[in-house]
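A.B. asks: no sequence on this one, just coordinates:
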């Protein structure tokens, strides 16, 4: 067993160590009380007197007031029956240290005052008793009284301040342990919060990827099934060719969705310790391919207004938010717009912000009560709000639905120049129109 483990064991069992200290203290205490020939007490009373000093020391740390009361009673007996110090007086600084280090501060101050009064009483009692028969002069008597009082008082004060130092050290150690515990708890809470945020992010990613892809697959599958079961849809070779094209689209969409799903889940399950192979995030440059893919099942027009150079390059997460807003909006048109619905996507670059407007003329005939309606809008708002933007989704007065998102774009160093954009840029000074009738044609429209 190491010294450290022994120390910890005694720290967990304080009365065991205090009992050993009390037994060690009984040696000088017994010599000064039981072995004193000048004390006018029977041997049995002298033994009891010595135990009055020693036995309370067993509770020195557990009950310091009891230890101090026992030693104070022993000192009172000493002042009555003895006119000189003895070995039992060593118990006084021991209990003063104990009440200062382990007891109540309010009661410890009272014990300090009582010990200082006892020092004065000892200074008056011991020189007088020893020197009265020798008829000392007044000056010598005063010097002896002052010297003994000062020695006793300094001893008491040293024990007191040593106990205060031990108390402060123990309190500081407890505070450091508590602080370490709080930091560990805070770290665990941060990890848990980060895990929850990551789960929410992955849930949004899965929703965006799977919902859009499944919407495309459902529309293509419905179209292929209609061609297969209705002979009046055209000639057999034409219907077969159209069904094959629908199956190709379904396979390609499912393959892409499966790849993205594996990428997301693979990041979570990578236990090999090697960096995960991450594909680049979707951004503004990927919007044309998204529109092209969606046009296979939904008529969509895509318009870009303004010059991207009139604002700083958006952060990767902001571009992903723009992409997901368009993707989720088109997914909602596929799910809820009904047959014959069309959509318009307008991307506008303004000084300091990007605006996205997605319009459709659907009637909502494709919605069902249990299709998870509403979760996509919540995810879009969370994405946009994370970058300080706003998102408005509402029904249009002339039919259909619109989603309008505004995402601010700030300079990476936070020092965007004030004033109007450069003359070479093509930034519009007004927001994108919220209705098709108000939106002018622009050469940036994708055919």
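C.D. replies: Now that the structure is in, tell me what you want to look at. Since we're looking at a predicted model, the values are computed, not measured.
A.B. asks: contacts, neighbours, all on C-alpha from now
C.D. replies: Will do.
A.B. asks: pLDDT weak spots in the stretch 301-447 of the chain?
C.D. replies: Along the stretch 301-447 of the chain, segments meeting pLDDT under 70 span 364-375, 411-447.
A.B. asks: buried set for stretch 173-181?
C.D. replies: Using 16 or more other Cα atoms under 10 Å as the test for burial, stretch 173-181 gives no buried residues.
A.B. asks: mind checking how far that stretch is from the chain centre?
C.D. replies: 17 Å (Cα atoms, centre = their mean, to the nearest Å).
A.B. asks: Please work out the average pLDDT along that stretch.
C.D. replies: For stretch 173-181, mean pLDDT is 90.
A.B. asks: State the distance from the nearest residue to residue 348 once chain neighbours are set aside to residue 294.
C.D. replies: In space, and not counting its chain neighbours, residue 348 is closest to residue 305: 4.6 Å by Cα to Cα, 6 or more residues apart in numbering. Per Cα to Cα, to the nearest Å, residue 305 is found 21 Å from residue 294.
A.B. asks: and what of residue 226?
C.D. replies: 20 Å.
A.B. asks: if you count what's nearby, which of these two comes out ahead?
C.D. replies: residue 294 (20 against 14; other Cα atoms under 10 Å).
A.B. asks: Give me the pLDDT value at that one.
C.D. replies: At residue 294, pLDDT is 88.
A.B. asks: in terms of contact, does it touch residue 216 like I think?
C.D. replies: Yes: with contact defined as Cα atoms under 8 Å, residue 294 and residue 216 form a contacting pair (7.3 Å).
A.B. asks: Tell me the helices and strands packed up against the helix or strand where residue 178 lies.
C.D. replies: Residue 178 belongs to helix 138-229 when assigned by DSSP states H and E. Counting contacts by 3 or more Cα pairs under 8 Å, 6 or more residues apart in numbering; DSSP states H and E, helix 138-229 packs against helix 91-102, helix 105-131, helix 236-269, helix 316-336, helix 375-386.
A.B. asks: out of these, nearest to residue 53?
C.D. replies: Taking Cα to Cα, helix 91-102 is the member of the helices and strands packed on helix 138-229 nearest to residue 53, at 6.9 Å.
A.B. asks: Please work out which residues outside that closest one touch it.
C.D. replies: If you take Cα atoms under 8 Å, 6 or more residues apart in numbering as the criterion, helix 91-102 is touched by 25, 53-54, 57, 60-62, 64-65, 67-68, 71-72, 108-109, 111-112, 115, 155-156, 159-167.
A.B. asks: Which residue ranges of the stretch 301-447 of the chain form strands?
C.D. replies: When assigned using DSSP state E, counting those that start in this stretch, the strands of the stretch 301-447 of the chain occupy the ranges 343-350, 353-360, 390-395, 401-408.
A.B. asks: strand partners of the third one, parallel vs antiparallel please.
C.D. replies: Strands that pair with strand 390-395, judged by DSSP bridges, come out as strand 401-408 (antiparallel).
A.B. asks: And for the strand it pairs with, what's in contact with it?
C.D. replies: Here strand 401-408 makes contact (Cα under 8 Å, 6+ apart) with 318, 322, 325, 329, 352-362, 384, 387-396, 434.
A.B. asks: Show the buried residues in those residues.
C.D. replies: Applying 16+ other Cα under 10 Å to the contacts of strand 401-408, the neighbour count classes 318, 322, 325, 329, 352-362, 384, 387, 389-391, 393, 434 as buried.
A.B. asks: what sits against the closest residue to residue 221 other than its chain neighbours?
C.D. replies: Distance criterion Cα to Cα, 6+ apart; nearest residue to residue 221, sequence neighbours excluded, is residue 246 at 6.9 Å. Residue 246 makes contact with 220-221, 223-224, according to Cα under 8 Å, 6+ apart.
A.B. asks: one step back: can you put the helices and strands packed on helix 138-229 in CSV and add distance to residue 5?
C.D. replies: Conversion of the helices and strands packed on helix 138-229 to CSV gives the following (distance: least, Cα to Cα, whole Å):
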stretch, distance to residue 5
helix 91-102, 22
helix 105-131, 31
helix 236-269, 42
helix 316-336, 54
helix 375-386, 52
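A.B. asks: which of the ones you listed is buried the deepest?
C.D. replies: Most buried of the helices and strands packed on helix 138-229, by mean neighbour count (mean count of other Cα atoms under 10 Å): helix 91-102, with a mean of 26.
A.B. asks: Report the rounded mean pLDDT for that helix.
C.D. replies: 92.
A.B. asks: Could you tell me how far residue 391 is located from residue 342?
C.D. replies: 21 Å.
A.B. asks: For stretch 19-30, buried residues please.
C.D. replies: 19, 22, 25-26, 28-30.
A.B. asks: Show me the contact partners of that stretch.
C.D. replies: With Cα under 8 Å, 6+ apart as the test, stretch 19-30 has contacts from 47, 50-51, 53-55, 57-58, 86-91.
A.B. asks: And those, which two are furthest apart?
C.D. replies: Within the contacts of stretch 19-30, two members stand farthest from each other by Cα to Cα: 58 and 86, at 21.0 Å.
A.B. asks: just to revisit the earlier point, dump the strands of the stretch 301-447 of the chain into TSV; add distance to residue 313 as well.
C.D. replies: Listed next are the strands of the stretch 301-447 of the chain as TSV, based on distance: least, Cα to Cα, whole Å:
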stretch	distance to residue 313
strand 343-350	11
strand 353-360	10
strand 390-395	19
strand 401-408	11
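A.B. asks: Of the ones you listed, which is nearest residue 380?
C.D. replies: strand 390-395 (7.6 Å).
A.B. asks: Kindly calculate the angle that that closest one makes with helix 316-336.
C.D. replies: For strand 390-395 against helix 316-336, the angle by axes from the mean of the first three to the mean of the last three Cα atoms, to 10 degrees is 10 degrees.
A.B. asks: Can you tell me what sits against strand 390-395?
C.D. replies: Under the contact criterion Cα under 8 Å, 6+ apart, strand 390-395 has outside partners 377, 380-381, 384-385, 401-407.
A.B. asks: These into TSV, with extra columns for distance to residue 13?
C.D. replies: Converted to TSV, the contacts of strand 390-395 look like this (distance: Cα to Cα, whole Å):
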residue	distance to residue 13
377	63
380	61
381	60
384	60
385	58
401	75
402	74
403	70
404	70
405	67
406	67
407	65
